[in-house]
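Chemist: Sequence first, predicted model second:
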Protein chains: 2
Amino acid sequence: MELHEKVTIRLFREEKCFGPGMAELLERVAEHRSLRAAAISMNLAYSKAWTMIQRGERELGFPLLVTVTGGRGGGGATLTEQAARLLQAYRAYQADVEAYAKAQFEARFAEFR
Amino acid sequence: MELHEKVTIRLFREEKCFGPGMAELLERVAEHRSLRAAAISMNLAYSKAWTMIQRGERELGFPLLVTVTGGRGGGGATLTEQAARLLQAYRAYQADVEAYAKAQFEARFAEFR
């Protein structure tokens, strides 16, 4: 395989509050409408998922999840509007920086490919 | 503290072969002219430093370190020319991608700062 780059973007305030794991967790909450089901689906302990959300909310200063009631499971969670916008901004930003990094990599590392 | 981004760049072939830890290790080898002294100076076990170098050389396909003889310590190691060029390319690339990511971050995350 050719030499290639991988770019990881994390967001911090005092502490880390958003990164690839959080983005995946929020996407799965939106899909499963439940934090527990989201955590299970990505092989993450529910307690770990819960801690990520708590820490993220504290650092970001706004709620990420909102409780939804009713439905077959008798209630669950989904993303707040702000969380959905942050997730969308993160994914677009990641794609943008990755595309830039890929183009620059090809220009700068030709000798090492 | 305001919300801010951190970008990590790793290089892979089949496996990871270069990243922030390797860059720091090579800089310290160049400074101390010894892998052991470099590892100690960054609180890294010598066995771990040695494994990083072995794996990096195997994945990259060229030697990173060259033995140097003489001097007060009776010998040591320094960077091969290719390792020095790769390190320089990585640092310049990192600064470039970080500057791009910072500018894009400010444009895209104003709402969440």
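Modeler: That came in fine, so what should we check first?

Chemist: The one helix or strand residue A:78 maps to packs against which elements?
Modeler: In this assignment (DSSP states H and E), residue A:78 forms part of strand A:76-79. With contacts defined as 3 or more CB pairs under 8 Å, 6 or more residues apart in numbering or on different chains; DSSP states H and E, strand A:76-79 has these neighbours: helix A:20-32, helix A:35-41, strand A:65-68. For the C-beta atoms, the positions are set from N, CA and C on the backbone; glycine is no exception.

Chemist: ok, and what's touching that strand?
Modeler: The contact list for strand A:76-79, computed with CB atoms under 8 Å, 6 or more residues apart in numbering or on different chains, reads A:26, A:29-30, A:32-35, A:37, A:64-68, A:87.

Chemist: Read off the pLDDT value for the closest residue to residue A:76 other than its chain neighbours.
Modeler: Leaving aside its chain neighbours, residue A:76 sits nearest to residue A:34 (3.8 Å; criterion: CB to CB, 6 or more residues apart in numbering or on different chains). pLDDT recorded at residue A:34 is 94.

Chemist: Could you count how many residues lie near residue A:34?
Modeler: Number of residues near residue A:34 (other CB atoms under 10 Å in any protein chain shown) recorded here: 20.

Chemist: one step back: quick check: neighbours of the strand holding residue A:78 in the sheet, parallel or antiparallel?
Modeler: strand A:65-68 (antiparallel) (DSSP bridges).

Chemist: How about residues contacting the partner strand?
Modeler: A:29, A:33, A:35, A:53, A:75, A:76, A:77, A:78, A:79, A:80, A:83.

Chemist: Quick check: phi and psi at the residue of chain A found nearest chain B.
Modeler: Closest residue of chain A to chain B, CB to the nearest CB: residue A:8 (4.4 Å). With angles defined as degrees, to the nearest 10, residue A:8 sits at phi -120, psi 130.

Chemist: For residue B:94, see how far away the closest residue to it other than its chain neighbours is.
Modeler: Spatially, and ignoring its direct neighbours in sequence, residue A:8 is nearest to residue B:8 (4.4 Å; CB to CB, 6+ apart). Per CB to CB, to the nearest Å, residue B:8 is found 9 Å from residue B:94.

Chemist: cool, and residue A:18?
Modeler: In terms of CB to CB, residue A:18 sits 21 Å off from residue B:94.

Chemist: quick one, which of the two is more surrounded?
Modeler: Higher neighbour count among residue A:18 and residue B:94: residue A:18, with 27 against 16, using other CB under 10 Å.
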